[in-house]
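1. please work out how this folds:
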Amino acid sequence: MDINFLNDLKKSLPDLKSDQYCDKLSGQVDIFRDKWGIPHIKTKDEFDAFFTQGFVTAQDRLWHMDFDRQRALGKSSKLLGKESVSDDVLMIKMGVEEASKADFEVSSKESKRMLEFYAAGVNAFIESTGNLPIEYKILNIYPEPWEPWHSLAVYKVRNMLMGTFEMKLLKTQMHHHLDKDIFQKLWKNIPADSLLTVPPNKLLEENFEISIESLSQSVELLNYLNETDVGSNAWVISGDKTKSGLPLVAGDSHRALDTPSVYYQVHISCDEFSVSGYSVPGVPGAPHFSHTENVAYGMTHGNADYQDLFVEKFRTTNEGVEYFADGKWISAEVIKKKIEVRENSDFQVDVIKTRNGYMISENIDSGYGIVFSHTGTNSGTKWADCLYSILRVKNSEELISSLEEWTEPVNNFVYADTSGSFGYKLRGKIPIRDNANHIGLVKGWEEKYRWEGLIPFEDMPKSSNPDTGFVVTCNQRVVSPEYPYYIGNDFSPEYRASRIVSRINDLGINSADVEDMSSIHSDRISIPAEIIFKKLDSLKLIDMLPGKIRDIVKSWNYEMRPNSVAATFYSDIKEQLISQVVKITIGDSFYNDILPKNSRSKRTILNQIFYRLVNQLKGSDVYIPEEKIEEILRNIIDVLAKKYSDKEDLINFMWGKVHKTSPVHPLSKVFPDYAKYLNPPSVSFGGDSDTPQQGGYIENLEVNSISVNRYIHDVSDWNNSRWIVPLGSSGHPGSKHYSDQSQYWAEVKTIPQLWDWNEIEKFCESKQRLFPNFLK
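-> Down below sits the predicted model:
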């Protein structure tokens with residue numbers, strides 16, 4: 001089998017050199033692939049460019065984008081079996097298909113053409129290739145034609161679960177099961193009087209708990225939530241601080257490691273625009289971390305609150321489903337859909353829509369359901385227009401204008417242009433509603449909780465050419481309390497941002513260059529580690545350790561390097577500290593029996609506890625009694641003194657030995673015999689969740705969040721720009737570009753982001769031409 005499968009892997013690789021003749025094209029297109037397999041597309045007509053982007057993306061990532069399409073449409077169970085049923089049910093109930101079609105319908109004529117030509121390019125590859133990706137052979141299936149709205153669905157499935165609905169479910173459960181004071185101490189940023197609305201006890205007494213527990217159990221099984229842990233770093237530095245006199249834009253996006261890599265590097269040039277950056281496979285353009293001829297941009301997740309959960313009273317009748325609102329029963333929209341499950345029976349799911357959104361959990365016996373209200377699914381929006389318009393921007397002002405129709409996720413956007421202008425803008429749609437909506441579930445039948453509109457685009461936070469000379473965004477709080485609108489409650493602590501700001505401030509005037517930006521990417525200094533170790537030192541607890549580890553810890557500079565033993569020691573302290581405090585605050589019973597078991601929910605509560613503790617240790621907060629913290633720290637040191645005894649070879653405790661990537665192909669679990677061919681190799685790397693070099697982990701130090709790209713845009717000369725992904729450009733396990741960027745990524749190195757066509761053509765690995773069919 002091994003020899004045959006290896007042969008199949010080779011046979012599945014696409015033809016990247018032969019001329020191709022295609023319908024839809026109006027002129028010749030040249031495709032050059034550099035030494036990393038990254039495509040560079042050169043043509044005259046912009047819609048020929050979109051066609052070719054669809055074609056080359058399908059060449060490299062057809063399975064990847066098709067798999068995301070199946071997930072978005074609730075069809076992944078047909079491929080993976082019953083373990084994906086919960087994912088499919090949720091996507092169907094959330095109305096992803098209906099919302100994507102609605103988005104397409106309201107898009108501009110140009111945006112529709114862009115999506116149509118991209119889809120035509122995908123289909124041209126499917127129809128012309130004799131070498132489909134290996135996954136189709138494994139599953140014995142053939143890809144269905146790509147429709148224009150599929151691109152919008154693919155984007156949604158990648159991003160819509162980044163919102164706040166899961167947090168609101170979690171807070172509702174915590175408020176119901178935990179003592180009020182414990183809840184209030186943990187979620188300190190929630191006003192005490194708000195708790196009265198989350199939700200009223202009377203509501204809970206009416207068996208509404210059944211629906212909460214039902215949804216909680218469904219969420220617990222979701223595979224998606226493990227891949228949408230979000231963060232990111234992004235910064236822009238003014239020309240006053242750089243050697244060139246023009247700005248630098250840099251950053252990295254944080255998510256779980258997908259196989260293949262979530263982002264696809266691409267360079268496109270036509271008469272109407274030129275762009276180089278990261279695309280989402282299956283989606284045209286390069287909307288997030290890219291540069292055009294005149295403008296560079298990057299972004300981070302805004303951690304904004306643009307999703308609500310409504311409790312709905314509903315009932316079934318002979319005519320269908322009704323929900324209660326305005327003092328009467330109203331007919332809900334209902335669509336029946338079938339879910340096919342690999343090697344199991346099919347079953348039917350009802351898609352139910354009320355005035356507040358799509359019902360994602362319901363219990364007929366209790367008469368209550370939970371409705372997901374979301375800016376990205378409630379009605380069609382013109383966000384696809386941004387995919388088109390951002391490619392054509394000539395300056396910062398045009399860039400800001402191009403962001404106006406963006407819907408979700410809400411992003412912190414940093415930018416700079418070739419005139420030297422730079423700045424920040426928060427983009428996306430955030431609803432205006434009652435304070436109770438910000439925290440947990442609210443009554444769908446009460447008018448006071450309905451959305452009142454959206455924060456006007458012109459009022460969204462912005463900063464143009466700030467006097468600081470830079471902007472840094474790392475998911476921290478966006479605005480001060482004086483800002484007139486509510487944006488969100490759940491922001492990241494400022495540790496990463498503080499380190500990046502510190503590094504920028506250390507740069508001299510007119511000194512910063514691309515290498516300095518790369519150095520910031522590799523910053524691994526942990527602020528929480530410094531705070532905790534200084535506390536241990538003040539209590540003389542470090543002196544209680546065995547000699548070898550004591551000396552290592554005393555000389556540590558708080559840098560989470562792969563070869564650091566102290567970094568592992570600190571991480572052990574962090575894990576045990578959280579574990580002990582969980583027991584004396586929220587309790588083992590809630591944590592083990594009530595809290596959803598999926599890693600993102602656990603991580604949310606664990607991180608919240610940890611950051612409250614760190615604030616207390618630095619003297620800016622009180623979470624638990626001081627004497628209790630000292631007792632816990634002493635107990636932890638006693639335990640770790642045995643683990644890190646002088647008898648042990650401490651080399652075995654180097655951070656890089658436990659802090660590794662674990663890339664897993666979606667089919668590896670279903671077909672374990674193929675796993676060794678499908679899964680890329682693991683690599684060791686530094687950092688953790690609190691350092692600019694991202695490497696977040698859950699229990700047992702299992703890595704779950706990494707930098708899924710890094711980029712440096714040099715506005716003075718695009719040829720100096722750099723980028724990297726954690727795997728490679730190709731989605732084919734048999735390709736040399738499947739994971740050839742991996743070791744560079746692990747060492748926080750980058751590769752050239754080629755821009756000059758003379759260089760591209762001179763050193764390209766392959767060249768392919770597409771021609772219109774009428775020239776055949």
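2. what helix or strand is Tyr21 on?
-> Tyr21 belongs to strand 20-22 when elements are defined using DSSP states H and E.
3. strand partners of that strand, parallel vs antiparallel please.
-> Strand pairing for strand 20-22, using DSSP bridges, gives strand 766-772 (parallel).
4. let me see the residues that make contact with the strand it pairs with.
-> Judged by CB atoms under 8 Å, 6 or more residues apart in numbering, the contacts made with strand 766-772 from elsewhere in the structure are 15-23, 25-33, 52, 55, 761. C-betas here are computed from N, CA, C, even on glycine.
5. tell me which of those residues fall in helices.
-> Cross-referencing those with the helices (criterion: DSSP state H) gives 52, 55, 761 as the overlap.
6. buried ones among these?
-> 52, 55 (16 or more other CB atoms under 10 Å).
7. poorly predicted segments of the stretch 501-650 of the chain, please.
-> 594-601 (pLDDT under 70).
8. all helices for it, in order.
-> Listed from the start of the chain, the stretch 501-650 of the chain has helices (DSSP state H, counting those that start in this stretch) covering 514-521, 527-538, 547-554, 565-584, 588-589, 599-617, 626-643.
9. give me the helices and strands touching the longest one, please.
-> For helix 565-584, the packing partners by 3 or more CB pairs under 8 Å, 6 or more residues apart in numbering; DSSP states H and E come out as helix 527-538, helix 547-554, helix 599-617, helix 626-643, helix 655-658.
10. and stretch 155-173, end to end?
-> The stretch stretch 155-173 measures 30 Å between its terminal residues, going by CA to CA, to the nearest Å.
11. quick one: distance of that stretch to the chain centre.
-> Here stretch 155-173 is found 12 Å from its chain centre; the criterion is CA atoms, centre = their mean, to the nearest Å.
12. for the stretch 51-200 of the chain, which segments are assigned as helices?
-> 77-80, 85-93, 96-106, 109-128, 134-139, 150-159, 165-177, 180-186.
13. isn't Arg634 up against Leu536?
-> No. The pair Arg634 / Leu536 is not scored as a contact, 9.6 Å apart, by CB atoms under 8 Å.
14. those two: who's more crowded?
-> Comparing Arg634 with Leu536 by neighbour count (other CB atoms under 10 Å), the higher total belongs to Leu536, at 22 against 13.
15. contacting residues for the nearest residue to the more buried one once chain neighbours are set aside?
-> Once flanking residues are discounted, Leu536 sits nearest to Ile542: 5.2 Å by CB to CB, 6 or more residues apart in numbering. By CB under 8 Å, 6+ apart, the contact set of Ile542 is 533, 536, 550, 553-554, 637.
16. between these, which is closest to Tyr611?
-> When the contacts of Ile542 are compared for distance to Tyr611 (CB to CB), Phe533 wins out at 16.6 Å.
17. for the closest one, grab the count of nearby residues.
-> Taking other CB under 10 Å as the neighbour definition, Phe533 ends up with a count of 22.
18. these two touch, right, it and Asn557?
-> No. Assessed by CB under 8 Å, Phe533 is found out of contact with Asn557, at 10.3 Å.
19. which neighbours do the two have in common?
-> Shared contacts of Phe533 and Asn557 (CB under 8 Å, 6+ apart): none.
20. out of the helices and strands packed on helix 565-584, flag the one nearest Leu507.
-> Closest to Leu507 of the helices and strands packed on helix 565-584, according to CB to CB: helix 527-538, at 19.5 Å.
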